[in-house]
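Undergrad: A structural model of the following input is requested.
(4 chains)
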2 protein chains.
Amino acid sequence: MSENVGRWLRDEIENAILSNEFSPGERLDEMVLANRFGVSRTPVREALMQLDAIGLIEIRPRRGAVVIDPGPHRVYEMFEVMAELEGLAGSLAARRLNDEAREAITAAHKRCELSAKAGDSDEYYYANEEFHKAIYAASRSEFLQEQCTQLHRRLRPYRRLQLRVRNRLSTSFSEHCAIVDAIFAGNGDEARRLLRAHVGIQGERFSDLVASMATR
Amino acid sequence: MSENVGRWLRDEIENAILSNEFSPGERLDEMVLANRFGVSRTPVREALMQLDAIGLIEIRPRRGAVVIDPGPHRVYEMFEVMAELEGLAGSLAARRLNDEAREAITAAHKRCELSAKAGDSDEYYYANEEFHKAIYAASRSEFLQEQCTQLHRRLRPYRRLQLRVRNRLSTSFSEHCAIVDAIFAGNGDEARRLLRAHVGIQGERFSDLVASMATR
DNA sequence: AATGCCATTCTTGTATACACGATGCTTGAC
DNA sequence: GTCAAGCATCGTGTATACAAGAATGGCATT
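TA: Numbering: from 1, shown residues only, chains lettered A, B, ... in the order given. Sure, this is the predicted structure:
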């Protein structure tokens, strides 16, 4: 546990929300949370204020906190922004690539290949996360990296759902291949274009998303 | 004042930071703030936790809160991301433009023109803000709009400094003209390209930024 | 029987009290 | 004279107490 309870609680509750333990729309009672974690209301409130500031929950004055339900359209908008930021990260990565970043990307890409060929969608999920994070890091823009990581976290549950769709695994991996080629070739524009397409949700993938969101 | 003191304080302190009343690196004492605003430490702490979550201040455990000093390089990175998001907003605006948005952009553009011709850099600053916000709104992506607005707020002090540079006013305005043309023509790619260039800090503008940051 | 109003109760918002850790100053020893 | 160690003081971290507003249930009235 982190050194102060407030921060620890923030992470704990954030994880609970992102792993869907607290469903969208659910009310978060301060006393219930306090009892559950064995602390007083004060650090719980501090954690909730932070989650409110981040945008994960909404605190309505005198009426308590509820988990925000983004809704399909808003999730789509979030993917749209994510695609743009990843595109930028890719383009910067292509320009600023160094040995360390190249190795990190190669390693993550290899891991994706193995799990994709094994058809292990859970393992691919983690490998995919590592792959994208390697690209963020390769951009060598700390701020961009933070923004990407944060958005990535918030979109986690939906990404996971998407991987379940048809043969998304092999499609995703072949897109990764092209992205790696573009970055390693120093072709920033191409990397940007490919990443935007890879991350964004166009056409039928939006209805896939809506369908998978409905069945939770 | 907002209905709960915590949120009010958050906005209050946030404004104080963004208007440079609290300088980067400055320590924010909880009791001092509590006395200044005539409240107890509790809501002050809640406000600080939120600002920490947003990234405006840093709370080091048991050592208090300090205003984050982004430093020139990080500010550059923030402008880089801002440019990308504004580019996306512009491209969406070009595709999704409706009458309402067109009028809002036209009005803000007109206001920019007047203040630019008058050489009133303060007035241009506000008109410029309205212009960019009109474009965010025209993108009709709530999430993107929020992200843009938030980043815009954080970059406020630096934007203001930039306008003081040489004949940035007229340069900025002529860029606006091209942007408006592209959006109204429905040319998303061009709007994106122009906005990226308009917002980003290339070449000498970075050293201008560094110079202006040094002299505060 | 249904609806509206009032009271009770529950939960949030704020203040205060207490505890623990960090920082800085003073004193003593080398 | 300088450096280190210990103590004191200040400030943060957490708990608890108290106040105020919202929700809910019951009672009365139509």
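Undergrad: Can you tell me the SS state at residue A:201?
TA: Per DSSP: H, G, I helix; E, B strand; the rest coil, the local secondary structure of residue A:201 is coil.
Undergrad: So it is in contact with residue A:78, correct?
TA: No: using C-beta atoms under 8 Å, residue A:201 makes no contact with residue A:78, being 9.7 Å away. (C-beta placed from N, C-alpha, C; glycine too.)
Undergrad: okay, which residue is most central for chain A?
TA: Nearest to the geometric centre of chain A sits residue A:152, at 2.0 Å (C-alpha atoms, centre = their mean).
Undergrad: residues contacting that one?
TA: Residues in contact with residue A:152 (C-beta atoms under 8 Å, 6 or more residues apart in numbering or on different chains) are A:82, A:129, A:132-133.
Undergrad: let's go with 10 Å and repeat that
TA: A:82, A:85-86, A:129, A:132-133, A:136, A:159, A:199 (C-beta atoms under 10 Å, 6 or more residues apart in numbering or on different chains).
Undergrad: can you tell me how far it sits from residue B:8?
TA: Separation of residue A:152 from residue B:8 (C-beta to C-beta, to the nearest Å): 32 Å.
Undergrad: thinking again about what came up before, need the pLDDT of the residue nearest to the centre of chain A.
TA: With respect to pLDDT, residue A:152 scores 97.
Undergrad: Please tell me how far it sits from residue A:184.
TA: 22 Å.
Undergrad: ok, back up a step: Serialize the contacts of residue A:152 to CSV and add fields for secondary structure.
TA: Output for these, formatted as CSV (three-state DSSP):
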residue, secondary structure
A:82, helix
A:85, helix
A:86, helix
A:129, helix
A:132, helix
A:133, helix
A:136, helix
A:159, helix
A:199, helix
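Undergrad: By neighbours, which of the residues you listed wins?
TA: residue A:86 (28 neighbours; other C-beta atoms under 10 Å in any protein chain shown).
Undergrad: in terms of contact, does that one touch residue A:198 like I think?
TA: Yes: contact between residue A:86 and residue A:198 holds when scored by C-beta atoms under 10 Å: they sit 7.6 Å apart.
Undergrad: so what sits against both of these two?
TA: A:132, A:179.
Undergrad: Could you check which helix or strand contains residue A:116?
TA: Counting by DSSP states H and E, the element that carries residue A:116 is helix A:99-118.
Undergrad: That helix packs against which elements?
TA: In terms of contacts (3 or more C-beta pairs under 10 Å, 6 or more residues apart in numbering or on different chains; DSSP states H and E), helix A:99-118 is packed against helix A:71-96, helix A:121-138, helix A:168-184.
Undergrad: can you give me the offset of that helix from its chain's centre?
TA: Taking C-alpha atoms, centre = their mean, to the nearest Å, one finds the center of helix A:99-118 at 18 Å from the center of the full chain.
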